[in-house]
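Student: The following block contains a protein sequence and its predicted model.
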Amino acid sequence: MRRIGRFAAPMGWAIACLLSLSLAVPAFAVNQTAAKKVGADQMIKKSAADAAIGKKCISCHGAEDDPGIYGEWKKSSHAAKNVDCYDCHKAKQGEKAAFAHHGASIQVIVTPNTCANCHAAEVAQQQRSHHAKAGNILASLDNLLGEVIGGPAAVNAGCLQCHGSTVVLDDKGRPTPQTWPNTGIGRINPDGSLGSCSACHARHSFSSAQARTPDTCGKCHLGPDHPQLEIYNESKHGILYRAKIKEMNLDSKKWVVGADYTAAPTCATCHMSATREQKVTHDVGERISWTLRPAISTKLNMIRLSTGDEFDQPEGQPLPKVGDEVKGAKVTEILTWTQRRDKMKDVCVACHSANTVAGQYKQFDDLVELYNDKYAKPIAAVMKELEDKGYLTHQPMDAKIKWTWFEIWHHEGRRARHGAAMNGPDYTWWHGIYEVSQHTYFKWIPELKEVVRQKDGNEDFANALLDKHFKPIAGHDWFFNGMGKDAIEKVRKGYDERYGKGALK
Amino acid sequence: MRRIGRFAAPMGWAIACLLSLSLAVPAFAVNQTAAKKVGADQMIKKSAADAAIGKKCISCHGAEDDPGIYGEWKKSSHAAKNVDCYDCHKAKQGEKAAFAHHGASIQVIVTPNTCANCHAAEVAQQQRSHHAKAGNILASLDNLLGEVIGGPAAVNAGCLQCHGSTVVLDDKGRPTPQTWPNTGIGRINPDGSLGSCSACHARHSFSSAQARTPDTCGKCHLGPDHPQLEIYNESKHGILYRAKIKEMNLDSKKWVVGADYTAAPTCATCHMSATREQKVTHDVGERISWTLRPAISTKLNMIRLSTGDEFDQPEGQPLPKVGDEVKGAKVTEILTWTQRRDKMKDVCVACHSANTVAGQYKQFDDLVELYNDKYAKPIAAVMKELEDKGYLTHQPMDAKIKWTWFEIWHHEGRRARHGAAMNGPDYTWWHGIYEVSQHTYFKWIPELKEVVRQKDGNEDFANALLDKHFKPIAGHDWFFNGMGKDAIEKVRKGYDERYGKGALK
Amino acid sequence: MRRIGRFAAPMGWAIACLLSLSLAVPAFAVNQTAAKKVGADQMIKKSAADAAIGKKCISCHGAEDDPGIYGEWKKSSHAAKNVDCYDCHKAKQGEKAAFAHHGASIQVIVTPNTCANCHAAEVAQQQRSHHAKAGNILASLDNLLGEVIGGPAAVNAGCLQCHGSTVVLDDKGRPTPQTWPNTGIGRINPDGSLGSCSACHARHSFSSAQARTPDTCGKCHLGPDHPQLEIYNESKHGILYRAKIKEMNLDSKKWVVGADYTAAPTCATCHMSATREQKVTHDVGERISWTLRPAISTKLNMIRLSTGDEFDQPEGQPLPKVGDEVKGAKVTEILTWTQRRDKMKDVCVACHSANTVAGQYKQFDDLVELYNDKYAKPIAAVMKELEDKGYLTHQPMDAKIKWTWFEIWHHEGRRARHGAAMNGPDYTWWHGIYEVSQHTYFKWIPELKEVVRQKDGNEDFANALLDKHFKPIAGHDWFFNGMGKDAIEKVRKGYDERYGKGALK
């Protein structure tokens, strides 16, 4: 694949990271035979034998001995629909994770396969989604950063708590303490399924209301590299959610924006929940038109396959047609980035006029393009030349300048882009472009010169690279030519008008 | 004006920033003729024609088509008082922002002018306030940092979301997507009014309860340069608010601290809301005695003018008298910084004894003076000499040392000052003076030496500057003379007493 | 004591900090005679004279004049049990803090001694706890950092707001405004008692429900050096608390996890509150097995003494036996680190299976050991050699490399360790080991080389130190030998499998 071939370029790694999550499509194995046994709305039906085992569980794992597990379950829809311990923890003998326990064959790990017994549509969406593939960092360069530079225990207690561990079973079929507990959204389960429904629907109440709260998403979507929760909290959306939580109707089974609530949206509202036109989806990236994750943002078309899986393809690459053979499967559906955006706009218009929504996207798009064109593309081009010409190795993260560039795109540049997407101006500016620009001009450029000076004894090649990749971009004029009389003059005029002639000296 | 004349000094920029917001007094134009049509407490009166148009709006913009807008409005006091879409979106033909829409002349943008029809006093206070002038950064050097260094799209999606855009209309009278939506607190509206009431009272419920929540203020008052929300959340005030939100009585129309609630204050309580002695004010800076924003803090007297406007003047400058002519208008009222502080203390004593309040101000004042005298003044003096003697240009932000100084005062020094003002000790120390001191000694001073060495080939002038501006200050003794036997001895004694003689080696 | 003798070593300071809080055992003086006058559950009994004074207080400090103080008290359990102003503010004549006020002898400062009148057990636990000793930083090197480098006013408005001031009385017995108000957890009171119950139980409602909220602990446990609140908020525990706060039963007098609530734990749940096996304790460190505070973590055994006090002793040092004489007192109880951990596990199992708890501790222990062994120990060893050989002074914080190391262990390394302890993966990784490793390799090592080069004119000794202390550690292989073909190969394979042969170039 051509994009992959560019990996040796400095941008390569960034793009590879993107690919590692969005294009990697390992076969998954939702237990199709067991699925759809019963709809999620009905009382569950089961054999008398199973019912008896379920009752027996509670004789040891009831309110006395396991009050937290039992108590939360007891309040749940599961309890109300007669779904008990054994309905989820039952394991077929011979399954890897099965072990005998007081005469029953059970599993510790409940996987999406099990949940699919009643929630087949949700699991099918989740299995094909970006979320389910979050465990794929395990063989990526991202993981090198963690495993090799940081240390394996940090990957385990850090990265994998969100991305998901590869659950390893001991010889008795029980998960090892290194890999369990883990509720990472892309957990790689012994049965081949991906993820963990309890990543969002915390056990043992598995509440929809809780999963709809923004804090749920904030388990992973926060921090220096993707502060979505912080941005949400700063935004009007978050302000209104906190102020009007009583009007959010979070406990309602049906939760359609514009019908069941209008006070504020949560993360779920925009990315997953139902509108009057769209059903709820557990395919979390469906309504996203830009990817804001890689070093250089692209708009993404989505291609769905006959395997039930899907992948993203950057705008500009030739799109297959429905029916074409791709990756050994038939294309069943294509969602272009504009169609994905339309899905999001359909959420927005529950509360905003179409003009407001268009203005929001205009301002957002402009910011992403500023980031891409003024900063990310020229820096990436220079980094590539530095590697190609032997000023830097092809190894990741073995020079200070590589960390600087990494943080510019992976931390600061994302904060700017996410801030603009979700209306957190502090993240767009102070945590975002302010830092991108400061670190471009006052860290990365000096480091570039130092790298070149170390090899050549002078900075000529660094200056040549800047002339080639930065000078043609109007936004960098001030760097080459000074702030300029024009710019200062503009400010001077403002001062003159306000404070009288000669105010600015 | 003399202060402005100092602009060429390194401190000048910082002071200029202050001036740009606090002293800039463009004429504003609240629609005086329309104002006071009706009090905010009464059912609105309108013509049968207008009422008919109002009803017609809802036939397209009702629960079916605009459920968010309609639903939030329907729950609002506006709906209860018969204020409908047309009452706010009606525009006189010929107004810049007016356009014809299904036979009616309407405006998209509702400005303070419109709100003043019923809320005249609130708008008059808001128009003269610091908040209303937040859009004035547009012609300031602050803006250079954004427009020239960062990039225009970052100013738009970042700065202007809080400060306010200058709304531009297209040839059909509709706001352009670059400048709309925008609910910045200092938005410059086509009708000449300043700001946006929906900056705090989010549309379309315009709830007072929501505006009273601290999260509302946190839309802008957070982050590296003024983390007021984070400080509040750390403070006892915030802790109690979160713990006792049910006792806050936020939905009450009358909301007088000490009468309607005692559980905790929010931002609004201290800066805006009613006490038993004071009415609610939308002039947000009225109770503030220190400005903590510029590089060097000063206490501020406030001068109100016959135009309805007002401005701040640092303590120490000669005060006019009521009746004097200033800035082409008559002085109508002067609030000295002590009077402003008394207004704040009047809030404090609803819950604290006078001694407690005095202690709080003592500890706060001491911190501001430490910051001013030990750090800000000597650094500013050195920076001025560096510019005067040609070691640095007169341009902003074109050398690393300028960014370092900028962050010391604009980020870290403010955090320290705000932390002490509002009782967030982590912000006073770790995010504040800890960083101010670390960066003064281990970033700014080395950079100073480097700047001098680049020009002179030696560090003599840097050392001379430190001797002149730093050495006379007792707090810097350790830097020139080492921690000193005394200081170490003091610690040694503590150890000896506790752990036995010779414990500290 | 031998450990103290190591202070001259670079690690010494860090260890000293630990000691300063955990081993310093000044005599405290709970008013034993007054204690146990009445249990906290009963209506208070008092003389008619005292009752009359109590009533008189309210004639000036009632709803009219002190609505906040009065109003919060009026809602409190105190008011319900007839505990009034005078019951707490009464002072014996002759006590340092006593002064005459309208004919009564009163004190402004209410100390744990006073609270012990009714809450004797809680105060006894609190007085022996780590919390009570937080004021001991006053004579530590930590304090040098604040007093000498930062500035005294920053210590006051910063550090001491959490740690506690030494309250100074003026000649009339009133606390000075520099030292009051202060509700630091280790406040040193004029009567010799330590701390302030209102640090957590905010006056004047002194609510248990409020003290149980995580935000209460977040007054101090947040920020760059110990972001426990942020970690909690990221964790499933915090997510569930925010989502299910209505099910938390916070207002219940009895608040036993697994019996009175199962929705989520707060900080109090795990560290202080009752389980079905344990009573509530105000000895906050009782259930903690690792200390995550110092440069190098150790497991801590706890030794309780006949004085009512206790201290921690790192695992590996010889333990006394019950009855032995230690520090001039008899040992009354020993809690080994495993016993302390068992106390914590007893909390965990209210909601989790024993296997889940074991897995959690395995992952946590692994992270602490990674931090200790790969980073903290070798850096500390190098820093010691630099001091011993005269490359660095024995003074704290007078070289850039000392600040770098300080932040690695005191900020970043703690964040990693606390993140793993409490399940905030972002803090374990991005705010934790990511920064620890980046700053070790790309700040501390270059600074080490610079320090050596400044003295020797070459980097030989720096390289020798790295060879001695870093090279033997497998985790640093990549630094000495490059990422290595193996590591890159592993990633290449991952790419080949997913994207086809040759995908990674």
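Tutor: Yes, it's here.
Student: give me the low-pLDDT residue ranges for the stretch 51-200 of chain A?
Tutor: Regions of the stretch 51-200 of chain A meeting the criterion pLDDT under 70 cover residues A:138-139, A:141-142.
Student: the helices in it, which residues?
Tutor: Here the stretch 51-200 of chain A has its helices, by DSSP state H, counting those that start in this stretch, at A:67-74, A:77-80, A:85-89, A:112-115, A:120-128, A:141-144, A:152-154, A:160-163.
Student: ok, and does the last one reach over to chain C?
Tutor: Yes: using Cβ under 8 Å from any Cβ of the partner chain, a contact is recorded between helix A:160-163 and chain C, made by A:160-162. No exception for glycine: its C-beta is placed from N, CA and C like everyone else's.
Student: which residues touch that helix?
Tutor: A:134-135, A:137-138, A:182-186, A:219-220, C:423, C:425-426, C:428 (Cβ atoms under 8 Å, 6 or more residues apart in numbering or on different chains).
Student: Can you select the buried ones among those residues for me in ChimeraX?
Tutor: Buried residues within the contacts of helix A:160-163, by 16 or more other Cβ atoms under 10 Å in any protein chain shown, are selected in ChimeraX with:
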select /A:134,135,137,138,182,183,184,185,186,219,220 /C:423,425,426,428
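Student: Which pair of the contacts of helix A:160-163 spans the longest distance?
Tutor: With distances taken as Cβ to Cβ, the most widely separated pair in the contacts of helix A:160-163 is A:138 and C:423, at 20.4 Å.
Student: Show residues contacting stretch A:47-55.
Tutor: A:46, A:84-87, A:90, A:104.
Student: and residue A:279, how many neighbours?
Tutor: 10 (other Cβ atoms under 10 Å in any protein chain shown).
Student: so how far is residue A:208 from it?
Tutor: Distance of residue A:279 to residue A:208, given as Cβ to Cβ, to the nearest Å: 14 Å.
Student: Flag the shaky bits of chain A, pLDDT-wise.
Tutor: For chain A, the stretches with pLDDT under 70 are A:1-41, A:138-139, A:141-142, A:484, A:487-488, A:490-505.
Student: burial count for the nearest residue to residue A:409 once chain neighbours are set aside?
Tutor: Nearest residue to residue A:409, sequence neighbours excluded (Cβ to Cβ, 6 or more residues apart in numbering or on different chains): residue A:295, at 4.0 Å. Neighbour count of residue A:295, defined by other Cβ under 10 Å: 26.
Student: three-state assignment of residue A:295?
Tutor: Look at residue A:295: counting by DSSP: H, G, I helix; E, B strand; the rest coil, its state is coil.
Student: hang on, it packs against residue A:381?
Tutor: No: using Cβ atoms under 8 Å as the test, residue A:295 is too far from residue A:381 to be in contact (11.2 Å).
Student: Closest residue of the stretch 101-250 of chain A to chain B?
Tutor: Using Cβ to the nearest Cβ, the closest approach of the stretch 101-250 of chain A to chain B is made by residue A:243 at 4.0 Å.
Student: Tell me which residues touch the closest residue to that residue other than its chain neighbours, please.
Tutor: Distances taken as Cβ to Cβ, 6+ apart place residue B:210 nearest to residue A:243, at 4.0 Å, with adjacent residues excluded. The neighbours of residue B:210, taking Cβ under 8 Å, 6+ apart as the test, are A:239-240, A:243-244, B:201-202, B:216.
Student: hmm, which of these are the buried ones?
Tutor: The buried subset of these (16+ other Cβ under 10 Å) comprises A:239-240, A:243-244, B:201-202, B:216.
Student: For those residues, name the two members farthest from one another.
Tutor: A:244 and B:201 (12.9 Å).
Student: Quick check: neighbours shared by these two?
Tutor: B:207, B:210.
Student: related to what we said a few turns ago, closest to residue A:284 among the contacts of residue B:210?
Tutor: For the contacts of residue B:210, the nearest to residue A:284 is residue A:240 (22.4 Å; Cβ to Cβ).
Student: what residues are up against that closest one?
Tutor: By Cβ under 8 Å, 6+ apart, the contact set of residue A:240 is A:263-264, B:202, B:210.
Student: Checking my notes, it in a strand, right?
Tutor: No: remark: residue A:240 does not belong to a strand; assigned using three-state DSSP, it is helix.
Student: now it: how far from residue A:269?
Tutor: Residue A:240 is 11 Å from residue A:269, where distance means Cβ to Cβ.
Student: any idea how far residue A:432 is from residue B:154?
Tutor: On the measure of Cβ to Cβ, residue A:432 and residue B:154 end up 7 Å apart.
Student: Quick check: neighbours shared by these two?
Tutor: Going by Cβ under 8 Å, 6+ apart, residues that sit against residue A:432 and also against residue B:154 are residue A:416.
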